[in-house]
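Peer 1: please work out how this folds:
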Amino acid sequence: MNRDYPLERVRNFGIIAHIDAGKTTTSERVLYYTGAQHDIGEVHEGDTTTDWMEQERERGITITAAAITCFWKGTRFNIIDTPGHIDFTVEVKRSLRVLDGAVVVFDGVAGVEPQSETNWRYAEEAQVPRICFVNKLDRIGASFERSYKSILDRLSKKAVRMQIPIGEEAKHEGVIDLLRMKAYYFEGNMGNLVVEKDIPSDLHAEAEKYRAELVEKIAESDDTLISDYLEGKDIALDALKSALRKAVIANKIFPVFAGSALKNKGVQLVLDAVVDFLPSPLDIPAIKGIDPRTGEEVERHASDTEPFSALAFKLQSDPFVGQLTFFRVYSGTVESGTYLYNSTTGEKERLGRIVRLQANQREEVKKVFAGEIAAAVGLKNAKTSHTFCDENNPIILDRITFPEPVISLRIEPKTKADQEKMGMALKRLSDEDPTFKIKSDQETGETVIMGMGELHLEIIVDRMKREFSVEANVGKPQVAYKETITSEAEVENKYIKQTGGKGQYGHVKIKIKPLPKYDPEAKVPKNAHREPGFEFIDAIKGGVIPQEFIPAVEKGIREAMDRGIVAGYKMTDISAELNYGSYHDVDSSEIAYKIAASQAFQEAARRAKPVILEPIMKVEVVMPERFMGDITGNLSGKRGQIEAMEDRGELKVVRAKVPLSEMFGYVTSLRSMTEGRGSSTMEFDHYAIVPQNVALTIIEARMGSK
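Peer 2: Predicted structure coming up:
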């Protein structure tokens, strides 16, 4: 079986945006214009293709990333429509890890919003080339220029207008292409006829001015064109397009397009731009990984003839076929019916079936090629971030790092019959979603679930009921506090127990200190290993503690960190160094060293000025001007720090950093403060030390509940 599309005619890209910017509406137009579906689904009518979950259709928001395949002008599109709500940010992060490009959609009224910034940051981390689409220019209060300025101010100075709109709000009729200097209107059924006309005379001077800016920006990115530009020569359209493509792929330019997906204006020109300017798998650098046999860096190029390598980036439970494992093939090919080698675990599993997905519809395929995205059916041991590869040419690709949960709640099954089913359902859901965690409270025996926000956990409980038929009682949401230390401390501890016969002997000396912010690029000494929140350094010299007992020391420290010191919350951002100890020929054992290390750590942590950390949220509130004073006063009363106040059309925007513990139920109180005219968005920003008076309240409440 041969590839049906050449690799240079493949585009793997995502559609990303803040919630309600019109991302799913844009995806539906893409499916319609590319012929993948014969009518357009609408979010407000609950019949979209990409929002296929019941919860998505009921709420009118995207919860899970949906993969779709379609074709446009001889090019194959593999598209992932991602959620815009911050609680489901994991979907954006893992999708961008495996995509080659992105279309970033902005609301023409609001411009750049908080989740736009987060998604842009994820795209920067993944070095993904981007095209911007300022949508909803038909809405009252829409302004292309204001939205464009917000992109320049808050995201990147590299953005440049590719188009300007012909009219805004109710007068939005079409767009002007600044490269071709032509006006485009969208006529016929659902705007499917793109009609090229001359630029309206009243917009000609403006178009000339902005075209000069665009040409200058393109010329600056290309050494050949810059000399022609400086000499005042006319540069051919093909040369400009070719240079712009290189600049977009190199993340030197982010072109900005205009339109209204709901009113069927501008989408086809964005699809043309995807073909013209976003990279194919051949245009991106070779993927790098580690050879597990040697520890050396190796790379794989996007070619069917190279050894097979792929990354699992998402798991999904399917009611008809069981577990689906989404994977991106970086090199080589793989066929159904063969064995798949998982280099992360060292195991092999039979790859029974491969499917290509159209949201929740499945199309079975026999073979998948380099640069493609597909899903494997029935892999039992594969998890998100696992690498699949050729067993004779192993490679482990970089893992995807996910944000830590910031909110938790207690959950219990309603009946005895639900007990076992609940455990299975929670495990399946946590396998799917790496930001959803489960733990058992060892003192109370209760199950605690943790996630990115109230909506995230509400959806999880709803899915348990609908997909797994598990009824559960849930407690009130709780903040996921953490603990850390603020100074250094060193403690020596011996654990000796004599019980007749063989005793127990463990002797360690450990030094702990605060760990600086985790940097995956930082060089780590050979005798240490570092991960987010913890570093362990083995500084034992002369074998005073045998090598086989060192892992037990680390395990003891980790277990003590999980139990906490101040109020029983998990500790983080700690560097622990084992620098001395001794052993007994007969009595030393792993358990003895584990206990000795745990006790030593607890004593050291008490001396190292421990503190409680709380999640601080980035909050944006939009409201009419007359409510401004009430809102800012209310946020300040919640220990919030006001960071910026700005205009957005007729409305005012307040941006602040506020502790999560103060924000429960804020949406309801905001409605009452603004007569229902205010709205807010919130996302996790960082952890900060809790003030002493608040810490005492947290400790009292924590101890009182145990």
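Peer 1: find the residue at the geometric middle of the chain.
Peer 2: For the chain, the residue sitting closest to the mean C-alpha position, by Cα atoms, centre = their mean, is residue 93 at 2.3 Å.
Peer 1: okay, now the unreliable bits of this structure?
Peer 2: Where the chain drops to pLDDT under 70, the residues are 1-2, 36-66, 83-90, 318-321, 357-362, 441-445, 500-501, 518-522, 524, 704-706.
Peer 1: rerun that using 50 as the cut-off
Peer 2: When residues are selected by pLDDT under 50, those of the chain lie in 39, 41-63, 359.
Peer 1: residue 208: how many residues sit nearby?
Peer 2: Residues contacting residue 208 under the criterion other Cβ atoms under 10 Å number 12. (Each C-beta comes from the backbone N, C-alpha and C, glycine too.)
Peer 1: meant to ask about residue 693, not that
Peer 2: 7.
Peer 1: got the contact list for stretch 688-696?
Peer 2: By Cβ atoms under 8 Å, 6 or more residues apart in numbering, the residues outside stretch 688-696 that reach it are 481, 486, 566-567, 611-614, 616, 639, 659, 661, 698.
Peer 1: circling back: and the closest residue in space to the residue nearest to the centre of the chain that isn't next to it in sequence, what element?
Peer 2: Once flanking residues are discounted, residue 93 sits nearest to residue 122: 5.0 Å by Cβ to Cβ, 6 or more residues apart in numbering. Using DSSP states H and E, residue 122 maps to helix 114-125.
Peer 1: run the chain-centre distance for the helix or strand just after that helix.
Peer 2: Going down the chain from helix 114-125, the next helix or strand is strand 130-135, by DSSP H and E. Relative to its parent chain, strand 130-135 has a centroid offset of 19 Å by Cα atoms, centre = their mean, to the nearest Å.
Peer 1: can you count the residues close to residue 533?
Peer 2: Neighbour count of residue 533, defined by other Cβ under 10 Å: 16.
Peer 1: ok, it to residue 386 distance?
Peer 2: 22 Å (Cβ to Cβ, to the nearest Å).
Peer 1: now do residue 642
Peer 2: Separation of residue 642 from residue 386 (Cβ to Cβ) stands at 44 Å.
Peer 1: show me what contacts residue 371?
Peer 2: Residues in contact with residue 371, defined by Cβ under 8 Å, 6+ apart, are 7, 10, 12, 280, 281, 282, 302, 329, 330.
Peer 1: with adjacent residues omitted, what lies nearest to it?
Peer 2: Among residues not flanking residue 371 along the chain, residue 281 sits closest, at 3.3 Å (Cβ to Cβ, 6+ apart).
Peer 1: spell out the secondary structure type for that neighbour.
Peer 2: Assigned with DSSP: H, G, I helix; E, B strand; the rest coil, residue 281 falls in the coil class.
Peer 1: state the distance from it to residue 127.
Peer 2: To residue 127, residue 281 is 14 Å away according to Cβ to Cβ.
Peer 1: then residue 695?
Peer 2: For residue 695 relative to residue 127 (Cβ to Cβ), the value is 40 Å.
Peer 1: CA atoms only: put the strand or helix carrying residue 459 into PDB for me.
Peer 2: Applying DSSP H and E as the criterion places residue 459 in helix 454-468. C-alpha atoms of helix 454-468 as PDB (Å, rounded to 0.1, in the frame of the first residue of the first chain):
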ATOM      1  CA  GLU A 454     -14.300  23.400  39.000                       C
ATOM      2  CA  LEU A 455     -15.600  22.800  35.400                       C
ATOM      3  CA  HIS A 456     -12.900  20.200  34.800                       C
ATOM      4  CA  LEU A 457     -13.900  18.100  37.800                       C
ATOM      5  CA  GLU A 458     -17.700  18.600  37.100                       C
ATOM      6  CA  ILE A 459     -17.200  17.200  33.600                       C
ATOM      7  CA  ILE A 460     -15.200  14.200  35.000                       C
ATOM      8  CA  VAL A 461     -18.000  13.400  37.500                       C
ATOM      9  CA  ASP A 462     -20.600  13.800  34.700                       C
ATOM     10  CA  ARG A 463     -18.600  11.500  32.300                       C
ATOM     11  CA  MET A 464     -18.400   8.900  35.100                       C
ATOM     12  CA  LYS A 465     -22.200   8.900  35.300                       C
ATOM     13  CA  ARG A 466     -22.800   8.800  31.600                       C
ATOM     14  CA  GLU A 467     -20.000   6.700  30.200                       C
ATOM     15  CA  PHE A 468     -19.400   4.300  33.100                       C
END
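Peer 1: residues making contact with the helix or strand just after that helix?
Peer 2: Going down the chain from helix 454-468, the next helix or strand is strand 472-474, by DSSP H and E. When contacts are defined by Cβ under 8 Å, 6+ apart, strand 472-474 is touched by residues 409, 410, 411, 412, 413, 414, 418, 422, 457, 461, 464, 465.
Peer 1: buried stuff in strand 472-474?
Peer 2: residue 472 (16 or more other Cβ atoms under 10 Å).
Peer 1: which of residue 695 and residue 127 has more neighbours?
Peer 2: Counted by other Cβ under 10 Å, residue 695 and residue 127 do not tie: residue 695 has more neighbours, with 17 against 11.
Peer 1: so the more buried one sits in a helix?
Peer 2: Yes. Applying three-state DSSP, one finds residue 695 inside a helix.
Peer 1: how much space is there between it and residue 701?
Peer 2: Remark: distance between residue 695 and residue 701 (Cβ to Cβ) = 11 Å.
Peer 1: just the CA atoms of the lengthiest strand in the chain, as CSV, please.
Peer 2: Assignment by DSSP state E gives strand 610-624 as the longest strand of the chain. Taking Å, rounded to 0.1, in the frame of the first residue of the first chain, the C-alpha atoms of strand 610-624 are listed here in CSV:
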residue,chain,number,x,y,z
PRO,A,610,8.6,25.5,56.0
VAL,A,611,5.7,27.5,54.4
ILE,A,612,2.4,26.7,52.7
LEU,A,613,2.1,27.6,49.0
GLU,A,614,-1.2,28.5,47.3
PRO,A,615,-2.2,28.7,43.6
ILE,A,616,-2.5,32.3,42.3
MET,A,617,-4.8,32.7,39.3
LYS,A,618,-4.6,35.2,36.4
VAL,A,619,-8.1,36.8,36.3
GLU,A,620,-9.6,39.0,33.7
VAL,A,621,-12.9,40.7,34.3
VAL,A,622,-14.8,42.6,31.5
MET,A,623,-17.7,44.9,32.5
PRO,A,624,-19.3,48.3,31.7
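Peer 1: thinking again about what came up before, mind checking which helix or strand the residue nearest to the centre of the chain is in?
Peer 2: helix 89-98.
Peer 1: from the contact counts, what lies against the next helix or strand after that helix?
Peer 2: Where DSSP H and E defines the elements, the next helix or strand beyond helix 89-98 is strand 101-107. For strand 101-107, the contact count by 3 or more Cβ pairs under 8 Å, 6 or more residues apart in numbering; DSSP states H and E identifies strand 10-17, helix 23-33, helix 114-125, strand 130-135, helix 144-154, helix 267-277 as packing neighbours.
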